[in-house]
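> Predicted structure and sequence below. I'll ask about it afterward.
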Amino acid sequence: MAQDHVYINGKWYKGEGEKRAVINPSNEEVIIEINEASQQQTVEAIQAARHAFQYTDWPSNPARRIAVLRQLADLLEQNAETFAAIETLNTGKPIRESRLDVSDSIQCLRYYADFVEQRTIEEKKRTDGTTSKVIEEPIGVCALIVPWNFPLLLGIWKLAPALAAGNTVVFKPSELTPLSFIELTKLIDSIGLPPGVFNLVLGSGSPVGETLVTHPDVEKISFTGGTKTGRWIYEQCARGLKRVSLELGGKSPLLIFDDADLTSTVEWALFASFFNQGEVCVAASRILVQRRVYNSFIDQLTQRLASLRIGDPFAENTEMGPLISSSHLKKVETYIQIGLQEGAVLLQGGERIKERGYYLTPAVFTHVRQDMRIVQEEIFGPVITLQTFEHDNEAIGLANDTIYGLAAGIFSRDLERAERIAGKLRAGTIWINSYHTPYVDAPWGGMKQSGIGRELGPQGFAAFTETKHVNISQHGKSLGWYPSRS
Ligand code: TXE
């Protein structure tokens, strides 16, 4: 049982695929060795989900689904500290941030339970006597694929609405961070859902992820991850016109105007850029500062960076932990080299600080040009670029000039101007005088190459439904060939 980490049709199995060591990024030690799912097991999980969708009352029993979501939220709450510790152990994120992830997850489960409870069916009486009902039905078998930066929270953002809507699920965490969802599956197992409603398959893109994406019995893919993988998934989904939601990369700008209170803005900028080690899809990686306050901003930023607490993610006062893996650390370092080769100036940071653990100090680049790769490409780590602008239009132009459109931040005392600029920015989420907070009842997702569709809120629920229009007329009554259409 201790080795059984694959969950199919209500039972635990030993994975028959690859064996993989799960690493603690803060000390590089092996936490556990996992036997991942084979392709055959992945297919069995899909078949179990299909069977459960077709033959159990799960899709048609909202009361049961509401009860399950609430029970899961309660269980997660009772075990909150354990989940926070697992998340920090596996990802290296500071423990205070893991606690936030757990409490946001609980809130999300409860939100979608309430959402289904309060849902009404739209009904219309027509002049010809017909009653029209518009019904939101579940789609079927949904494959939920998530990355390593928020393994629990991003998983729950998909799982809660998918289950709430009545779908059945095959869930795949990142191969780097399976631990919190293995633990969550134990809670799900203890609730006793109909077998096959929830299945957990562990493994990487090949073969597990690819099997989920290409199998004809999977009717919806909800994916969070890199834009390159997202693009491949979108192409595969096009073949079978599979439903798809993609939450992808970003290169989000933070616009700082010269009327902003600099001390608090510097604090927000650090949080916006380096929260979760900068391994956040919406991380503010491009800071645009109005020229008049640029030098003062840099002075305050570098002073504050010097006191940033990087280290043991389990220490209560740690502000930044290690990056996720050795290969990701190397990728981020490669970008720092690219920045230097492109002629940017590395003001500070970009250094390893410990012999063990994937720690990197925040890197700040100045003297950058808009066409540099470090300005255009997602680095997904603690690396920011600083640019200046003179006037609103220049700021808008620079802010919008990447392929991404996930998020943006604006700092100014002039809320009217800030809102006007927000209207011009091509980004799915914009914070004015704050950053990062997701609200569970509000949509989250990207424009341009940052994704397709939205998570959270009513939009996040709609993404897991199909719309059916049912017209009911009295039996035996002729409407004629051309009945009235109102
Ligand atoms: O992501 P992948 P990676 C960005 C970030 C990062 C880059 C690569 O820039 O440096 O992506 O990270 C699964 N079919 N983001 O390689 O590959 C994979 O197993 C089906 C931004 O970790 O996109 C994992 O579960 N699934 C991002 C998930 O996809 C496949 C968060 C994400 O992995 C697959 C993470 C395939 N062919 C990285 N290949 C964000 N938006 O927050 C991989 N996977």
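Okay, I see it.
> how many other residues sit next to Glu333?
A total of 18 residues lie near Glu333 under the criterion other C-beta atoms under 10 Å. For every residue, glycine as well, the C-beta is placed using N, CA and C.
> Pro62 now?
Pro62 is flanked by 16 other residues according to other C-beta under 10 Å.
> Please report how far the residue nearest to it when sequence neighbours are not counted lies from the ligand.
Distances taken as C-beta to C-beta, 6 or more residues apart in numbering put Val116 closest to Pro62, at 5.2 Å, once the chain neighbours are dropped. Look at Val116 and the ligand: by C-beta to the nearest ligand atom, to the nearest Å, they are 27 Å apart.
> residue contacts, Val116?
Listed by C-beta atoms under 8 Å, 6 or more residues apart in numbering, the contact set of Val116 reads Pro62, Arg65, Ile66, Leu69, Ala164, Ala165.
> what distance separates the helix or strand hosting it from the middle of the whole chain?
Val116 is part of helix 95-118, with elements assigned from DSSP states H and E. Computed by C-alpha atoms, centre = their mean, to the nearest Å, the chain-centroid distance of helix 95-118 equals 14 Å.
> Same check on stretch 192-205?
How far stretch 192-205 lies from its chain's middle: 19 Å, per C-alpha atoms, centre = their mean.
> what do you get for stretch 405-420?
23 Å.
> Next: stretch 461-480.
35 Å.
> can you check stretch 440-449 too?
Using C-alpha atoms, centre = their mean, the offset of stretch 440-449 from its chain centre is 10 Å.
> and the protein, which residues reach the ligand?
145-149, 172, 174-175, 204-205, 209-210, 213, 224-226, 229, 232-233, 247-249, 281, 378, 380 (C-beta under 6 Å from any ligand atom).
> check contacts around whatever residue of the stretch 301-450 of the chain ends up closest to the ligand.
In the stretch 301-450 of the chain, the residue that lies nearest the ligand is Phe380 (3.6 Å; C-beta to the nearest ligand atom). Taking C-beta under 8 Å, 6+ apart, we find Phe380 in contact with Asn149, Gly249, Gly278, Glu279, Ala283, His328, Lys331, Val332.
> Likewise for His475?
Contacts of His475 (C-beta under 8 Å, 6+ apart): none.
> Could you check the pLDDT of it?
His475 carries a pLDDT value of 90.
> same deal with Asp128?
Asp128 is given a pLDDT of 87.
> Tyr482 now?
For Tyr482, the predicted pLDDT is 73.
> so how many other residues sit close to it?
6.
> Please list the outside residues in contact with the lowest-mean-pLDDT helix or strand in the chain.
The helix or strand of the chain with the lowest confidence, counting by mean pLDDT, DSSP states H and E, is strand 122-125 at a mean of 93. Outside strand 122-125, the residues that touch it by C-beta under 8 Å, 6+ apart are Thr131, Ser132, Lys133, Val134.
> ok, now which ones touch Gly129?
Going by C-beta under 8 Å, 6+ apart, Gly129 touches Ser473, Gln474, Lys477, Leu479.
> for stretch 191-211, what is the average pLDDT?
For stretch 191-211, the mean confidence score works out to 97.
> Find the centremost residue of the protein, please.
Geometric centre of the chain, nearest residue: Leu154, 4.4 Å, by C-alpha atoms, centre = their mean.
> Who are the packing partners of the helix or strand in which that residue is found?
Using DSSP H and E, Leu154 sits in helix 151-164. If you count contacts as 3 or more C-beta pairs under 8 Å, 6 or more residues apart in numbering; DSSP states H and E, helix 151-164 packs onto helix 62-78, helix 80-91, helix 95-118, strand 141-145, strand 168-172, helix 179-191, strand 220-224, helix 457-462.
> Could you look up the SS state of the closest residue to Thr42 other than its chain neighbours?
Closest residue to Thr42 apart from its sequence neighbours, by C-beta to C-beta, 6+ apart: Thr211 at 4.3 Å. Recorded secondary structure, Thr211: helix (DSSP: H, G, I helix; E, B strand; the rest coil).
> and Thr211, how many residues sit next to it?
If we define neighbours as other C-beta under 10 Å, then Thr211 has 25 of them.
> same question, Glu355
7.
> farthest pair in the contacts of Gly129?
Greatest spatial distance in the contacts of Gly129: Gln474 and Leu479, 9.8 Å, computed using C-beta to C-beta.
> So these two - more neighbours on which side?
Remark: of Gln474 and Leu479, Leu479 carries more neighbours, 13 against 9, as counted by other C-beta under 10 Å.
> so who does the more buried one touch?
Leu479 makes contact with Asp128, Gly129, Thr130, Ser473 under the criterion C-beta under 8 Å, 6+ apart.
> same thing but at 10 Å, please
With contact taken as C-beta atoms under 10 Å, 6 or more residues apart in numbering, Leu479 is in contact with Arg126, Asp128, Gly129, Thr130, Ser473.
> Tell me the pLDDT of Leu479.
So Leu479 comes in at 75 (pLDDT).
> List buried residues within the contacts of Leu479.
Thr130 (16 or more other C-beta atoms under 10 Å).
> quick one: low-confidence parts of this protein?
Counting by pLDDT under 70, the chain shows low-confidence ranges at 1-2, 483-486.
> Try it again at 80.
Scanning the chain for pLDDT under 80 picks out 1-3, 478-486.
> how far away is Phe314 from Val30?
As judged by C-beta to C-beta, to the nearest Å, Phe314 and Val30 stand 18 Å apart.
> wait, I meant Val282
32 Å.
> Please apply the same query to Glu416.
55 Å.
> quick one on the thing from earlier: isn't there a strand covering the residue of the stretch 301-450 of the chain closest to the ligand?
No: assessed with three-state DSSP, Phe380 is coil; it does not lie in a strand.
> Which stretches in the stretch 201-350 of the chain count as helices?
All helices of the stretch 201-350 of the chain, identified by DSSP state H, counting those that start in this stretch, fall at 210-214, 227-239, 262-274, 291-306, 326-341.
> which one of those helices is the most hemmed in?
helix 210-214 (a mean of 22; mean count of other C-beta atoms under 10 Å).
> which outside residues touch that helix?
Under the contact criterion C-beta under 10 Å, 6+ apart, helix 210-214 has outside partners 37-43, 45-46, 141-145, 170-172, 201, 203-205, 218, 221, 223, 229, 232-237, 239-240, 242, 244.
> Show the buried residues in these.
Buried among these (16+ other C-beta under 10 Å): 37-39, 41-43, 45-46, 141-145, 170-172, 201, 203-205, 218, 221, 223, 229, 233-234, 237, 242, 244.
> Give me the neighbour count for Val134.
12.
> nearest residue to it other than its sequence neighbours?
Glu122 (4.3 Å).
> Please report the number of neighbouring residues for the one you found.
By other C-beta under 10 Å, neighbour count at Glu122 equals 11.
> What's the separation between the residue nearest to the centre of the chain and Asp414?
Distance of Leu154 to Asp414, computed by C-beta to C-beta: 35 Å.
> what's the answer for Phe275, then?
26 Å.
> quick one, which of these two is more surrounded?
The neighbour comparison of Phe275 against Asp414 (other C-beta under 10 Å) goes to Phe275, with 22 against 13.
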